[in-house]
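J.: below are the sequence and a predicted model; questions follow.
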Amino acid sequence: MTLLTAEDPAEAWATFTERTSGVAFTQDFSTPGQVVPHQITGDAVVGGITLHVAELVANGTWSRLRICANHECASVFYDTTRSRTRRWHSYEICGNRANVATHRARKSGR
């Protein structure tokens, strides 16, 4: 999550690069028009994360990853809204709780 919340993005990307340096891939070009990477070294979980992050960056969709605005939740989600303004991973859970809490705070302040 540091990549999503870092005050210094360059430092966060450098740290990510360092942590993924033990992961290596080969490329399979046997299917015309496709490149299929195969992990050959490193931790499988780190390799999977590396591939997903690379795909999001390459597609220009990295900026759509968000952290839920509910500080107790901190789930990461993919913002599919056109305006890219979604705040909660689930409106029914976190969004509703936030709105009810705001309403109750306003009401008790009167």
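T.: Looks like it came in fine.
J.: where in this structure is pLDDT low?
T.: In the predicted model, the chain carries pLDDT under 70 at residues 1, 110.
J.: quick one, longest helix in it?
T.: Using DSSP state H, we find that the single longest helix of the chain is helix 44-59.
J.: distance from that one to the middle of the chain?
T.: 10 Å (C-alpha atoms, centre = their mean, to the nearest Å).
J.: any buried residues in it, and which?
T.: Gly47, Thr50, Val53 (16 or more other C-beta atoms under 10 Å). Backbone N, C-alpha and C define where each C-beta goes, glycine included.
J.: go on, stretch 60-70?
T.: Arg66, Ile67, Cys68, Asn70.
J.: quick one: the first one is in a strand?
T.: Put plainly, it is Arg66. Yes: looking at Arg66 with DSSP: H, G, I helix; E, B strand; the rest coil, it is inside a strand.
J.: show me what stretch 61-77 is in contact with.
T.: If you take C-beta atoms under 8 Å, 6 or more residues apart in numbering as the criterion, stretch 61-77 is touched by 1, 4-5, 53, 56, 78-80, 84, 86-90, 93-94, 97-98.
J.: determine how far the last residue of that stretch lies from the first.
T.: This stretch, stretch 61-77, spans 12 Å end to end (C-alpha to C-alpha, to the nearest Å).
J.: repeat for stretch 4-12
T.: For stretch 4-12, the end-to-end distance is 9 Å (C-alpha to C-alpha).
J.: same question for stretch 63-71.
T.: Stretch 63-71 has an end-to-end distance of 20 Å (C-alpha to C-alpha).
J.: who's in contact with stretch 17-30?
T.: The set of residues external to stretch 17-30 that reach it, using C-beta under 8 Å, 6+ apart, is 35-43, 46-47, 49-51.
J.: quick one: list the elements packing against the helix or strand hosting Leu4.
T.: Assigning secondary structure by DSSP states H and E places Leu4 in helix 2-5. Packing partners of helix 2-5 (3 or more C-beta pairs under 8 Å, 6 or more residues apart in numbering; DSSP states H and E): helix 9-19, strand 65-67.
J.: alright, that wraps it up for me.
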